[in-house]
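Asker: quick one, fold the following:
(chains A and B)
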Amino acid sequence: MDLNWMMAVAILLPLVSGILVFIIRQYHIRGLIVIITAIALIINSILLLLHGPDTYTPASHYWGLAITILDYAMLLFYIYAGLSLKNWLVFIFALTQIVPLAYWEFGMGASKALEEIKPAFIFDHLSIVMVLVISIVGSLITIFAIRYMYDHEHHKEIEKSRQSRFLFWLVMFLGAMNGLVMANNLLWLYFFWEVTTLCCFELIAHDLTREAINNGARALWMNSIGGTAMILAMIYLFVKGGGTAEMITLESIIKAGGNQAMLLLPVALMCFTGFIKAAQFPFQTWLLGAMVAPTPVSALLHSSTMVKAGVYLVLRLAPAFAGSYLGIMVAICGAFTFFAASILAIAQTTGKRVLAYSTIANLGLIIACAGINSPLAIAAAILLIIFHAISKCLMFLCAGTIEHLVWSREIEDMEGLAEKFPVTTFITAIGVLSMFLPPFGMLLGKWLALESVFAVPLAAILFVIASFVIASAATMVFWAKWLGRLLQVLPRLGRKFECLSLSYSVPLWLLVVGVFVVGVGVAPVYQKFVSFAVNNVVAATEAFAAGWNIVVPSASAAAGGTGALIGSFPVWPLYIVFGVAIVLPLLFVTVKPGELRPVYMCGEQVGGVDTDEWITTADQKAKLQLGGFYWQDATGEGAVNPWFYTVSIALLVILFAVVLGVILS
Amino acid sequence: MNQWWIAVIAIIVAPVIGGLLAGIDRKITARLQGRYGPPIIQPFYDFFKLLGKSRIATSRMQFVWIYGYLVFMITCVVFLVLKLDLLLLIFLLGFAGISFVLGGFSSKSPYSHFGANRELMQILAYEPVLLLMALGVYAQNGSFMISEIVKPGAAPLLPTLWPIFIAVLLVLTIKLRKSPFDLSTSHHGHQELVKGIMTEYSGPYYALITLTEWYEIVLVLGLVALFWANPLWLGIIIALAAFILELLIDNIAARMTVGWMVKFTWAVGLVLCVLNIAYLYLIKGVS
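Answerer: Have a look, this model is predicted:
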């Protein structure tokens, strides 16, 4: 297919479908449009993969003009939003964007040069990986949303349906993300960046409750700080580039590599932008607040879009901070977020908050990998992006399904879900296990990351490894704790399989299949696909895959010698172990009714086998109640957040101090 | 020798060794407490008797997870004898531990619920130390492969990694469920009468747990033995000495609280490991 068409489908089709969905207010036709768009996006992303890397500049220069106009329209809307919500932070950070941008484009006369930057889009293998993740995982979420929003509004008994509006922003989001990961022109990158911020704001505030609007506004102003940093970076590049737009492309920044000290400040600013979008400490609150939105929004923000834009940008800029102190600081900041978010996740009582902290933690890990910046670390980062998108999407869709089954997000309300909804629990269990245990992809990524940490210098390494190992352990605790609550059942047999709507079950099962297919096939996927993306970031001579297994050769072996391995991950044997250990028993272990006994309660039960009543003091009957442990005194926000804020802000200050120190010296 | 045969032999021999060690444990503990104690092979009698008992269940999933616990533990032992990746072995050990925890969570029983939560805290306490052990081995050897530790001519780890060794001994106490860290459940009934996370298990499935624990003893002592892998018999002696030491500690210490365990293991274990890696880094000038 023509490249023009592919770009149009990737970026503009979601917008067009979004408008159609907005206009057509008929449930079935609307659903059909969403499904057709999803299929078109998926096919298109595969065509892009087959097409291979390329560059693209739209023929008409009106596109540049349109983007400029839309930029200001969005920023003016932010100002309006700030004023109408009386949220001065939104207002101020909209001003800090629009004033320098206008001064730069018109006062300094940059606008003409900016519109003529060629190529406007470059998509290399890294972009293609991102487009595939966005198009496939994101599309599944839009399908899930069709039915979810219907149920959502029926449950809340909303009279005037706002589903059309919701689907408009949701579908358009995918187009903006596709544009973002392919943009080369920084101003266009900035435009798509702002569109995602806008979509995010609209989607979080969708329910129009006070909390939703406040949290949407918080996401808006925090990401506006990031936008401001990006504008400052562009202006700096423009001025230092002698008033030309030569340096205002990702390509030129990356090509210059870490050689030019002058590039360090704009790169640091853009990493900072990425940190905010990836909800790194101390900016994690916007993503936590985002969970008030309907669950498809969270699924989209956490898995394939929005936060992935943040890590994408940092990863993209990795060549520009290779071997510098900035890179080390990026690794330390990421590692700290990984640590802090994992600890905080233990104390969360709400399912979606656990998921949110887990996302933040994994993004920290990916950013730390980008900072470590060795071929192994970059491979880990890209694999983590892929696996995290699949697994976290699955987890959020499960959380959404559970929410619509028990009408609660609290983990305590999910006790014994295995009995009431065995199918949903099974899928959730697969999702949970795939987040943190071998042989699944996320663990593979973490394993690669740990094997790569020794590429950073001493001072950083101690901090990074200590964070990594504690975070890994904390991850196991909070996932197992949650899954454990789902499994707690009374001794009873005869459970019925529940029936889920197709709009729920199709995306869920496809994602389960995705977890296993991509998981088992990780080595071929790596060789045929991810390794090229790694090479877009750092020159990798090593092949990290041998046959169907992942291996880490030593430097001498990679150079053609016969050195030993540094590490090896036998992929399919471990999946067989998983099958024997969990799947076979799940299928074949049966319990006969006669074998059931009541749980041990010191013989004080009342009634039959499956009773949960017992005799307590003064011969009173009482219901057995179990509660999960959350250790909020030790790991809750109140206990640890002051420390985490202090450290994370200090780390950011050090990051910029280091950069300024290099420039001034 | 063929790798398959090594794996098969390990799978058969490991529980025999583990069972004998469990018997020695009971004998020595009995003597320390002024009792005569059962014969060394008593654990095997117990095992076969348990296997023959009828099954009783409080939920189906509690059985499923026990298979996960057993199979992943066996996988870890296989990883050890085939000299594969140490870091991955530790992650696999994590899956075994989590399976056990989920088994404990699988019935709505207060005792196993508390036990499972404590077991999780034990994982939180020891997992970082074990991961740092693998990283320490890398700092020394430049490889995560166990084959690089045991290959002929490789320098023993203990002289340079002794702080990590001390930290691993702490882990050993937790893993063998010995006082002061026998929190989720304990042996010999000298701390509790209701058996924590294992409360809801009986008969053949309790036998499977026992079997898994035998594999686990062999595995963790094997990890200790890696600290002196050339010649390996010295490492095995060190591991056995460590085992006896754990029995002594078990009998002179009382159970501590969960919070204390996490704080203590992190404050002592993690700090020792990190300092050790820093020191290795400085003397070797890696990177």
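Asker: neighbours of residue 110, how many?
Answerer: You didn't pick a chain, so chain A it is. 22 (other CB atoms under 10 Å in any protein chain shown). Any C-beta I mention is one placed from the backbone N, CA and C, and that applies to glycine too.
Asker: other chain: chain B
Answerer: Counted with other CB under 10 Å, B:P110 comes out at 17.
Asker: before we move on, what about B:Y45?
Answerer: By other CB under 10 Å, the burial measure for B:Y45, its neighbour count, is 12.
Asker: in what helix or strand does it lie?
Answerer: Assigned by DSSP states H and E, B:Y45 falls within helix B:42-52.
Asker: now what about that helix, what contacts it?
Answerer: Counting by CB atoms under 8 Å, 6 or more residues apart in numbering or on different chains, the neighbours of helix B:42-52 from elsewhere in the structure are B:19-20, B:22-23, B:26, B:202-204, B:206-207, B:210-211, B:214.
Asker: list the buried ones in it?
Answerer: B:43-44, B:46-47, B:50 (16 or more other CB atoms under 10 Å in any protein chain shown).
Asker: between those residues, which is closest to chain A?
Answerer: Chain A has its nearest neighbour among the buried residues of helix B:42-52 in B:L50, at 15.6 Å by CB to the nearest CB.
Asker: how much space is there between that closest one and A:S60?
Answerer: 79 Å (CB to CB, to the nearest Å).
Asker: secondary structure and pLDDT for the contacts of helix B:42-52 - can I get that in JSON lines?
Answerer: Converted to JSON lines, these look like this (DSSP: H, G, I helix; E, B strand; the rest coil; pLDDT from 0 to 100):
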{"residue": "B:G19", "secondary structure": "helix", "pLDDT": "96"}
{"residue": "B:L20", "secondary structure": "helix", "pLDDT": "96"}
{"residue": "B:A22", "secondary structure": "helix", "pLDDT": "95"}
{"residue": "B:G23", "secondary structure": "helix", "pLDDT": "95"}
{"residue": "B:R26", "secondary structure": "helix", "pLDDT": "93"}
{"residue": "B:S202", "secondary structure": "coil", "pLDDT": "90"}
{"residue": "B:G203", "secondary structure": "helix", "pLDDT": "90"}
{"residue": "B:P204", "secondary structure": "helix", "pLDDT": "93"}
{"residue": "B:Y206", "secondary structure": "helix", "pLDDT": "94"}
{"residue": "B:A207", "secondary structure": "helix", "pLDDT": "95"}
{"residue": "B:T210", "secondary structure": "helix", "pLDDT": "95"}
{"residue": "B:L211", "secondary structure": "helix", "pLDDT": "96"}
{"residue": "B:W214", "secondary structure": "helix", "pLDDT": "96"}
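Asker: please name the nearest non-neighbouring residue to residue 203.
Answerer: Using chain A here. Spatial nearest neighbour of A:L203, excluding adjacent residues (CB to CB, 6 or more residues apart in numbering or on different chains): A:V297 at 4.4 Å.
Asker: meant chain B, my bad for not saying
Answerer: Excluding its sequence neighbours, the residue lying closest to B:G203 (CB to CB, 6+ apart) is B:K53, at 3.7 Å.
Asker: what is the mean pLDDT for the helix or strand encompassing A:W188?
Answerer: Taking DSSP H and E as the definition, A:W188 sits inside helix A:186-204. Across helix A:186-204, pLDDT averages out at 93.
Asker: tell me the helix or strand right after that helix.
Answerer: helix A:210-240.
Asker: quick check, nearest of the contacts of helix B:42-52 to A:F516?
Answerer: B:L211 (29.0 Å; CB to CB).
Asker: doesn't B:Y69 make contact with that closest one?
Answerer: No: using CB atoms under 8 Å, B:L211 makes no contact with B:Y69, being 9.9 Å away.
Asker: checking my notes, A:T55 in a helix, right?
Answerer: No: assessed with DSSP: H, G, I helix; E, B strand; the rest coil, A:T55 is strand; it does not lie in a helix.
Asker: across the sheet, point out what pairs with it.
Answerer: Assessed by DSSP bridges, A:T55 has beta-bridge partners A:I122.
Asker: tell me where the stretch 151-287 of chain B has helices.
Answerer: B:158-175, B:203-225, B:232-252, B:258-264, B:271-284 (DSSP state H, counting those that start in this stretch).
Asker: just for chain A, where's the confidence low?
Answerer: Along chain A, segments meeting pLDDT under 70 span A:1, A:258-259, A:458-459, A:494, A:555-563.
Asker: what's the nearest residue in it when you look at chain B?
Answerer: Using CB to the nearest CB, A:G484 is the residue of chain A that sits closest to chain B, at 3.1 Å.
Asker: how about that residue: what's its closest non-neighbour residue?
Answerer: B:F105 (3.1 Å).
Asker: next one, pLDDT for that neighbour please.
Answerer: So, for B:F105, pLDDT stands at 93.
Asker: and it, what does it touch?
Answerer: Here B:F105 is in contact with A:480, A:483-485, A:487-488, B:112-113, B:116 (CB under 8 Å, 6+ apart).
Asker: could you pull out the helices for the stretch 1-150 of chain B?
Answerer: For the stretch 1-150 of chain B, applying DSSP H, counting those that start in this stretch gives helices covering B:3-32, B:42-52, B:61-81, B:86-105, B:110-141, B:146-150.
Asker: need those helices in CSV with distance to A:P553, can you?
Answerer: Shown next, in CSV, are the helices of the stretch 1-150 of chain B (distance: least, CB to CB, whole Å):
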stretch, distance to A:P553
helix B:3-32, 20
helix B:42-52, 43
helix B:61-81, 19
helix B:86-105, 16
helix B:110-141, 14
helix B:146-150, 13
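Asker: picking that back up, and the angle from the helix holding A:W188 to helix A:210-240?
Answerer: 180 degrees (axes from the mean of the first three to the mean of the last three CA atoms, to 10 degrees).
Asker: residues making contact with stretch A:649-657?
Answerer: For stretch A:649-657, contacts defined as CB under 8 Å, 6+ apart pick out A:268, A:272, A:275, A:282, A:326, A:329-330, A:332-333, A:336.
Asker: just flag the most distant two among those residues.
Answerer: Within these, A:P282 and A:L326 form the most distant pair, 18.8 Å apart (CB to CB).
Asker: the closest residue to B:P152 other than its chain neighbours - how many residues pack around it?
Answerer: Spatial nearest neighbour of B:P152, chain neighbours left out: B:N230 (6.9 Å); criterion: CB to CB, 6+ apart. Other residues within reach of B:N230, judged by other CB under 10 Å, total 15.
Asker: for chain A, what's the nearest residue on chain B?
Answerer: When distances are taken as CB to the nearest CB, chain B reaches nearest to chain A at B:F105, 3.1 Å away.
Asker: any idea how far the helix holding B:Y45 is from the chain center?
Answerer: Here the centre of helix B:42-52 is set off from its chain's centre by 21 Å, with CA atoms, centre = their mean, to the nearest Å.
Asker: can you check stretch A:145-162 too?
Answerer: Centroid separation for stretch A:145-162 versus its chain: 26 Å, with CA atoms, centre = their mean.
Asker: what's in contact with that stretch?
Answerer: Under CB under 8 Å, 6+ apart, the answer for stretch A:145-162 is A:25, A:27, A:30-31, A:34-35, A:163, A:166-167, A:170, A:206-207, A:294-296, A:400, A:404, A:407, A:501-504.
Asker: perfect, that will be all.
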